[in-house]
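**Q** here are the coordinates; sequence isn't available:
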């Protein structure tokens, strides 16, 4: 994002969201976190909804960078690194997942949010599919595995594990271990 004030506002929104949660968050909270006036927030974003669509895009960009950077020498290593990126225990990533979840729960009622989440889901599916296909081709994974079916299952498993981490406090380490064991 090239607009420095807008980026500052999005970063402040992220921090405020992590602190207050979506329902209790006000533009006044965002303004205080950004050390700006509420009017300057409105200059960049007409409404709280518009701000949160922009925040989701901003957070998605961060998540996409992490997912696409997950690499390894073999398909199995790439899969393991991707599980680590998606399910890792880093405290800042827990806040990011919580913030993403806070915004994502609005998707059934907001087309803009739903479209951005669908794009991320597609990216995650394709990343898993490519890794599994490469593993099958290299003989590292069972040749009977259908990469599309495996990718669909892995996406559903990871997203379910992320929701469980955020909603019920399930351990990151346990989610990672369970997904790795399933992949084996």
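**A** Nice, I can see it. Here the structure is a predicted model, which means the values were calculated and not measured. Residues are numbered from 1 along each chain as shown.
**Q** Quick check: next helix or strand after the helix or strand residue 19 falls within?
**A** Per DSSP states H and E: residue 19 is located in helix 4-20. Using DSSP H and E, the helix or strand that follows helix 4-20 in sequence is helix 27-34.
**Q** that older thread, how far off helix 27-34 does the helix holding residue 19 point, in degrees?
**A** Calculated by axes from the mean of the first three to the mean of the last three CA atoms, to 10 degrees, helix 4-20 forms an angle of 110 degrees with helix 27-34.
**Q** Would you enumerate the residues in contact with the closest residue in space to residue 15 that isn't next to it in sequence?
**A** Excluding the flanking residues, the one nearest residue 15 by CB to CB, 6 or more residues apart in numbering is residue 33, at 5.3 Å. All C-beta atoms are positioned from the backbone trio N, CA, C, and that covers glycine. Neighbouring residues of residue 33 by CB atoms under 8 Å, 6 or more residues apart in numbering: 12-13, 15-16, 19.
**Q** from these, which would you call buried?
**A** By neighbour count, with 16 or more other CB atoms under 10 Å, the contacts of residue 33 hold 12-13, 15-16 as buried.
**Q** Pull the most distant pair out of the residues you listed.
**A** By the measure CB to CB, 13 and 15 form the most distant pair in the buried ones among the contacts of residue 33, at 7.4 Å.
**Q** Skipping adjacent residues, who's closest to the residue nearest the centre of the chain in space?
**A** In the chain, the residue lying closest to the centroid (CA atoms, centre = their mean) is residue 63, at 5.0 Å. Spatial nearest neighbour of residue 63, excluding adjacent residues (CB to CB, 6+ apart): residue 120 at 6.7 Å.
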